[in-house]
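*Asks:* quick one, what's the 3D model for this:
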Amino acid sequence: MQKDKSTLWKGPLAGIRVLDFTRVLAGPAAALALADLGAEIIKVEPPGTGDETRTFPPMREGESHYFLSVNRGKKSIVIDLKTDAGVALARDLATKCDILIENYRPGVMDRLGLGYETLSALNPRLIYCAISGFGMTGPLKDRPSFDIVLQAMSGALSVNGEPGALPTKLGIPLGDLVGGINGPMGILAALYERSVTGRGRLIDVSLMDGMIGMLGYLAQLAFFTGEDPKPQGSQHPNLVPYGIFPASDGSIVIACLTNGFWGRICAALDMPGHVDDPRFDTIEKRRDNREAINAMISEFTIRRTVKELAALLAEHQVPHAPILGVKDALSQPQAIARELVVETEHKVLGKIPIVNRSIRFPGNAQPVPEAPPVLGQHTSEILEEILGLTPAQIEELRAAQVVG
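*Replies:* Numbers count the residues shown, from 1 in each chain. Okay, here's the model as predicted:
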């Protein structure tokens, strides 16, 4: 029997309220992470189209797939920030919130009268997270950015693709999504700090900083060698075998991280004589003999199906994976067991599937996330319940087109 949502644990951030001035992807992803942890998200949208992604095709009954993907569990209020009354409402809401997130270019919120200094004076406990392409300082701070720009300027794009070919953009928009990782991380740290000091703070999240931070060992490799790491396709610059190998009916990933795994691969692929082969018995030697090893493994894998190879590799505990399309990834047994896809009730579309929270807290059942809101769905609710406005006052604001 389905439990009453009101009796379920909402998450560790239940009771925390977030004022969300974000749009498109980087900022909404950060607010989404907080929503998944139980925070109340008040998404402030402009009149007309709202968040730009509400218009991104493909659409279904006027609702965009893009908007639906990163706005579950939020409330939508329409406020015209080009009006003095709208800015006053936003300031009032900021006094009732713990966190504010925005992803305009640096300076825009200050010009609106909603910058950190202004709002912090009204609410000293406010944690204010500003997410932008290049951060609040530096020669590029005023430049607009998009995912592919950030991938290019961080070095990430230069190492992605096949050797000798043009670089290839990452399929996942990590240049934007890194804001959904670093933003919440900074916010959660500031929440802890506030519990000690009683004061909020300003957080400056640069997406390019985040992407450079994601370079990991590739940055250290450049420091060590003094050279740019080269694109390796699906292979690893130093570990072999590591990549995609052909099967008779598709392809499969095989990954060897240590000498112990090399022995397991040799056993699984019927190559026992190569375990101690002096050409392949260290990581460095396997790297230097990459082509010979890849050809040897491919000769074995091309004559077997993905299913047969997966069974052999699983038997010998070799890291491996079939390459799944998105539909298969969402419907695989592991995803089903983890309830990664759930149904929720959308105001226009009815029951729709959405991706569930990616962080779980065993021992506490959480309700299915609320569907992404239609534009302005919670305007009256927010004004009445949080700011205490009467229906007559709300109607007056509507008539003046301050809210929608």
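*Asks:* shaky segments in the stretch 251-400 of the chain?
*Replies:* Applying pLDDT under 70 to the stretch 251-400 of the chain flags no residue at all.
*Asks:* which residues touch the spatially most central residue of the chain?
*Replies:* What sits nearest the mean C-alpha location of the chain, by CA atoms, centre = their mean, is residue 177, with 4.0 Å. Going by CB atoms under 8 Å, 6 or more residues apart in numbering, residue 177 touches 25, 26, 29. All C-beta spots, glycine's among them, are computed from the backbone N, C-alpha and C.
*Asks:* same check, this time on residue 122
*Replies:* 91, 94, 95.
*Asks:* so the first one: helix, strand or coil?
*Replies:* Using DSSP: H, G, I helix; E, B strand; the rest coil, the secondary structure recorded for residue 91 is helix.
*Asks:* what does the one 10 residues further on give?
*Replies:* For residue 101, the reduced secondary structure class is strand; criterion used: three-state DSSP.
*Asks:* show me what the closest residue to it other than its chain neighbours is bridged to.
*Replies:* Excluding the flanking residues, the one nearest residue 101 by CB to CB, 6 or more residues apart in numbering is residue 129, at 4.7 Å. Beta-bridge partners recorded for residue 129 (DSSP bridges): residue 101, residue 203.
*Asks:* hmm, residue 129 is touching residue 189, no?
*Replies:* No. Using CB atoms under 8 Å, residue 129 is not in contact with residue 189, being 10.9 Å away.
*Asks:* okay, these two: which has more neighbours?
*Replies:* Using other CB atoms under 10 Å as the criterion, residue 129 and residue 189 rank with residue 129 on top: 28 against 13.
*Asks:* tell me the pLDDT at the more buried one?
*Replies:* pLDDT recorded at residue 129 is 98.
*Asks:* with residue 249 instead?
*Replies:* 93.
*Asks:* same thing with residue 232?
*Replies:* Predicted confidence (pLDDT) for residue 232: 85.
*Asks:* put together a markdown table for the contacts of residue 177, with pLDDT and secondary structure on each row.
*Replies:* Converted to a markdown table, the contacts of residue 177 look like this (pLDDT from 0 to 100; DSSP: H, G, I helix; E, B strand; the rest coil):
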| residue | pLDDT | secondary structure |
| --- | --- | --- |
| 25 | 95 | coil |
| 26 | 96 | helix |
| 29 | 97 | helix |
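*Asks:* ok, back up a step: next one: the residue nearest to the centre of the chain from residue 370, what distance?
*Replies:* 22 Å (CB to CB, to the nearest Å).
*Asks:* same check, this time on residue 73
*Replies:* Taking CB to CB as the measure, residue 73 falls 5 Å from residue 370.
*Asks:* compare those two (neighbour count), which wins?
*Replies:* residue 73 (26 against 18).
*Asks:* isn't the more buried one up against residue 36?
*Replies:* Yes. Under the criterion of CB under 8 Å, residue 73 makes contact with residue 36 at 6.6 Å.
*Asks:* wait, is residue 42 part of a strand?
*Replies:* Yes. Residue 42: assigned to a strand according to three-state DSSP.
*Asks:* would you mark the buried spots in stretch 110-119?
*Replies:* 112, 114, 115, 116, 119 (16 or more other CB atoms under 10 Å).
*Asks:* would TSV of these with pLDDT, distance to residue 390 and secondary structure be doable?
*Replies:* Formatted as TSV, those follow (pLDDT from 0 to 100; distance: CB to CB, whole Å; DSSP: H, G, I helix; E, B strand; the rest coil):
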residue	pLDDT	distance to residue 390	secondary structure
112	95	27	helix
114	97	25	coil
115	97	30	coil
116	97	31	helix
119	98	25	helix
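*Asks:* got these as JSON lines, with distance to residue 352 columns?
*Replies:* As requested, the buried residues of stretch 110-119 are exported to JSON lines (distance: CB to CB, whole Å):
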{"residue": "112", "distance to residue 352": "34"}
{"residue": "114", "distance to residue 352": "33"}
{"residue": "115", "distance to residue 352": "37"}
{"residue": "116", "distance to residue 352": "37"}
{"residue": "119", "distance to residue 352": "35"}
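*Asks:* tell me which two in those are the farthest apart.
*Replies:* Farthest-apart pair in the buried residues of stretch 110-119 is 112 and 116; separation 12.1 Å (CB to CB).
*Asks:* helix/strand/coil for residue 77?
*Replies:* strand.
*Asks:* thinking it is in contact with residue 42, fair?
*Replies:* Yes. Here residue 77 lies in contact with residue 42, judged by CB under 8 Å, at a distance of 6.0 Å.
*Asks:* between these two, which has more neighbouring residues?
*Replies:* residue 77 (26 against 23).
*Asks:* show the contacting residues for the residue sitting furthest away from the middle of the chain.
*Replies:* Centroid-distance maximum for the chain: residue 273 at 44.7 Å, with CA atoms, centre = their mean. Counting by CB under 8 Å, 6+ apart, residue 273 touches residue 266.
*Asks:* part of a strand, is it?
*Replies:* No. Residue 273 is assigned helix when assessed by three-state DSSP, not a strand.
*Asks:* distance of it relative to residue 280?
*Replies:* 10 Å.
*Asks:* need the contact list for residue 34.
*Replies:* Residue 34 makes contact with 13, 16, 18, 41, 99, 101, 184, 187 under the criterion CB under 8 Å, 6+ apart.
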